[in-house]
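# Got a predicted structure here, sequence first:
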Amino acid sequence: MRSPKPRSISSTQLNRERRLTGILKHAKKCETIVIDCPPFLGIHITNALAAADEVVIPIETDYLAFLALEPLITTLREVEQEINPKQKHFCILPTKHHKRTDHTRSILAEIREALPGHVLEALIPYSVRPQG
């Protein structure tokens, strides 16, 4: 009985966090590229952060979204230190903001307090208008 050959792990498998960066090197003609990611931490977010020069983080002015912000910012800073030191700036874009409710105003204040200088003044208001 022959033993199977050991499988070698390619450098692309080891550097999976940099795959998107490699792909985007071929898009030099573009001035701006927008990368939209699912709202959970994983390889998609890590790849996007590794490839990004600037990051805009849309966040609902809601308590649960606020709780999810800390691990995202931690990941962003880790990627900046370990993979992408050229990443210069990130900003927070508050979305689904109900300007009349105390809850969303207090969450917005907490976000601004937690990340001074990173929260945009522009707010995306909550809308109940039908889409389409």
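Yes, it's here.
# Just confirm Pro94 is within a helix.
No - according to DSSP: H, G, I helix; E, B strand; the rest coil, Pro94 belongs to no helix; its state is strand.
# neighbours around it, how many?
Applying other C-beta atoms under 10 Å, we find 23 other residues in the vicinity of Pro94. To be clear about C-beta, it is placed using only N, CA and C from the backbone, and glycine gets the same treatment.
# can you list the residues that contact the helix or strand hosting Gly22?
Gly22 is part of helix 19-24, with elements assigned from DSSP states H and E. Residues outside helix 19-24 that contact it (C-beta atoms under 8 Å, 6 or more residues apart in numbering): Thr12, Ile33, Ile35, Asn47, Ala48, Ala50, Ala51, Asn84.
# just the buried members of those?
Among the contacts of helix 19-24, those classed as buried by 16 or more other C-beta atoms under 10 Å are Asn47, Ala48, Ala50, Ala51, Asn84.
# For the residue nearest to the last one when sequence neighbours are not counted, which three-state class applies?
So that's Asn84. Taking C-beta to C-beta, 6 or more residues apart in numbering, and ignoring the residues beside it in sequence, Asn84 has Ala50 as its nearest neighbour in space, at 4.9 Å. The local conformation at Ala50, judged by three-state DSSP, is helix.
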